[in-house]
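Engineer: Here is my input; please provide its structure:
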Amino acid sequence: NIWKNTLQKSISFDLVPITFGDVLLSNNGFYIHSGDLIVYDLCKLLNPKRVVFASNIDGIYQNLDDNSSLVPIIKNNKNNLKFSKINYDVTGGIKTKITQSLKIANLGIEVQITNGLTSKNLIKALKGEHIGTLFIGDKHWVKKVLKRKYDIQKIDGLPEKKVTPPEEVYERIKKENKLI
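Structural biologist: Numbers count the residues shown, from 1 in each chain. Now for the predicted structure:
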C-alpha cells in the first residue's frame, strides 16, 4: 500500500503526519472525504500513542454560547451530548469528530480536541498534557504493546535462568512498561 509505506517512511524520519479531508472523485462523481474518517483508519494502521484534533475552538462545549461549559472528559458519550443543527457541514461537523474520537479512544489511543489556533495549547496537547476535551473509550486503560524480539545476553555468575538485556533494550522496556 503506497500511502501506508509513505506514512511509515515519514514517521521513521520523525515527521508528524498531518491529514485533512478533501473533495475526491469516484465513479459516481465527486464526494467529500472527511479528515476525521482518515484519522481512524490511520490509527488502526499505525497504533499511535495519541491523536490531537486541532480545531478552532478549545474543545467540546455543552453550550456554544457559554465558555464555561467546556466538557473536559467524554467517556463513550455517557455525557449525553446533544447535537444541534447550527450550520451545515459536508464533513459531518463536530458530531463526526466526536464519533470518530470515541472510536479511536476505544482502540486504546488517547484522543483530544483542542484549539489549534493557540500554538502553546497545541504543543502541550501533542506532549500529552490534557488541554481541551479528552476522550476515554472502553479500553482507555489498555495500550497495545508491540511484540518485539530481544537479544538477550547471559551474564557470567548469574544462574542459568536469569538474564538481562543490553542497556538500550532495558531502557526501552522500562519506557514501554510506563505505557501499560
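Engineer: Skip the chain neighbours and tell me the closest residue to the residue nearest to the spatial centre of the chain.
Structural biologist: The chain has Val51 as the residue nearest its centroid, 2.2 Å off, counting by C-alpha atoms, centre = their mean. The shortest distance from Val51 to any non-neighbouring residue, by C-beta to C-beta, 6 or more residues apart in numbering, is to Val111 (4.8 Å). Just so you know, the C-beta spots here come from the backbone N, C-alpha and C atoms, and that holds for glycine as well.
Engineer: and the one you found, bridged to which residues?
Structural biologist: Here Val111 sits in beta bridges with Val51, Phe135, going by DSSP bridges.
Engineer: contacting residues for it?
Structural biologist: Arg50, Val51, Val52, Phe53, Ser101, Leu102, Ile104, Ala105, Leu134, Phe135 (C-beta atoms under 8 Å, 6 or more residues apart in numbering).
Engineer: List the contacts of the nearest residue to Gly116 once chain neighbours are set aside.
Structural biologist: Using C-beta to C-beta, 6+ apart and skipping residues adjacent in sequence, the residue nearest Gly116 is Ala54, 2.5 Å away. By C-beta under 8 Å, 6+ apart, the contact list for Ala54 reads Thr114, Asn115, Gly116, Leu122.
Engineer: Assumed Ala54 was part of a strand.
Structural biologist: Yes. Assigned with DSSP: H, G, I helix; E, B strand; the rest coil, Ala54 falls within a strand.
Engineer: Give me the distance between it and Ile94.
Structural biologist: 14 Å (C-beta to C-beta, to the nearest Å).
Engineer: quick one: low-confidence ranges for the protein?
Structural biologist: 1-3, 77-92, 139-165, 180 (pLDDT under 70).
Engineer: which stretches of it form helices?
Structural biologist: 2-12, 35-46, 93-105, 119-126, 167-179 (DSSP state H).
Engineer: so can I have a markdown table of the ones you listed showing mean neighbour count and distance to Asp58?
Structural biologist: What follows is the helices of the chain, written out as a markdown table (neighbours: other C-beta atoms under 10 Å; distance: least, C-beta to C-beta, whole Å):
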| stretch | mean neighbour count | distance to Asp58 |
| --- | --- | --- |
| helix 2-12 | 11 | 28 |
| helix 35-46 | 17 | 18 |
| helix 93-105 | 20 | 13 |
| helix 119-126 | 16 | 8 |
| helix 167-179 | 11 | 27 |
